[in-house]
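Pasting the sequence and the predicted coordinates here, then a few questions.
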Amino acid sequence: MATKTVTCTVNGKERSYEIDVRSSLSDMLRGNAGLQSIKHGCDVGECGACTVLINGQPFNSCIYLAVWAQGKEILTLEGLSDPKGAISDIQQAFIDEGAVQCGFCTPGFIMSSIPIIESETPMDRSEIKRQISGNLCRCTGYEKIVDAIEKTQKKRIEERKQHTAN
Ligand code: FES
Ligand code: FES
């Protein structure tokens, strides 16, 4: 087995992992880094359960080779909590809106929603649906997921306006 050391930033901290060169990023993050939010759903890039942000963009980590992560910034669901462990607004919105049932898809949906809620450009529901179209859920019927993202998007826009006004 050929191995390689991959050094990258994971949830704000530089880390190095010794990996099999054939490993996927999802294998490295779950197996080497112990980040259990990354789910193995289909493992072929179809369901989005393994979505993480790489340099700010959502990717299916099951079809992204771990060696490609060298020097990159990776953000997973675990990285959304504040230093005291309090969950983020988008996570709370998923709870409040009832957007979680079995929860298997939830980390992936939340990671795909980060560029939406951080965008300066407001997105309507159809655009939100388009942005999360790579994520599949077998339980919720999607509407509550879109509600949670839309609600958090509006909250963030309001916060940015207030920040600019102050
Ligand atoms: S597990 Fe990666 S897309 Fe399904
Ligand atoms: S909540 Fe069960 S798959 Fe989405």
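Right, received. Where do you want to start? Ligands and ions are numbered 1, 2, ... in the order given.

alpha carbons only for contacts and neighbour counts from here, please
Fine.

Run a quick check on Glu46 versus Ser133, I expect a contact.
No - using Cα atoms under 8 Å as the test, Glu46 is too far from Ser133 to be in contact (10.3 Å).

where do the helices sit along the protein?
25-27, 89-96, 106-118, 125-131, 143-165 (DSSP state H).

how much space between Ser37 and Thr121?
To Thr121, Ser37 is 28 Å away according to Cα to Cα, to the nearest Å.

Compare these two (neighbour count), which wins?
Each of Ser37 and Thr121 has its neighbours counted (other Cα atoms under 10 Å); Ser37 has more, 20 against 10.

I'd say the more buried one and Leu77 touch.
Yes - counting by Cα under 8 Å, Leu77 is a contact partner of Ser37 at 6.2 Å.

Between these two, which contacts overlap?
Pro107 (Cα atoms under 8 Å, 6 or more residues apart in numbering).

wait, what's in contact with the residue nearest to Ser24 when sequence neighbours are not counted?
Counting by Cα to Cα, 6 or more residues apart in numbering, the nearest residue to Ser24 once its immediate chain neighbours are dropped is Leu65, at 4.4 Å. Residues near Leu65 by Cα under 8 Å, 6+ apart: 22-25.

Highest neighbour count among those?
Top of the contacts of Leu65 by neighbour count (other Cα under 10 Å): Leu25, with 26 neighbours.

measure that residue to ligand 2 for me?
21 Å (Cα to the nearest ligand atom, to the nearest Å).

just Ala99 next, same as before
Counting by Cα to the nearest ligand atom - Ala99 and ligand 2 are separated by 7 Å.

Would you confirm that that residue contacts Cys139?
No - Ala99 lies out of contact with Cys139 (Cα under 8 Å); the separation is 9.3 Å.

Comparing the two, which residue is more hemmed in?
For Ala99 versus Cys139, neighbours defined as other Cα under 10 Å are more numerous around Ala99 (23 against 13).

So what does the more buried one look like in phi/psi?
Ala99 adopts backbone torsions of phi -90, psi 10, taken as degrees, to the nearest 10.

ok, it - contacts?
Ala99 neighbours (Cα under 8 Å, 6+ apart): 140, 142, 144-145, 148.

what's around the nearest residue to Gln91 once chain neighbours are set aside, how many residues?
Once flanking residues are discounted, Gln91 sits nearest to Ile110: 7.1 Å by Cα to Cα, 6+ apart. Ile110 is flanked by 24 other residues according to other Cα under 10 Å.
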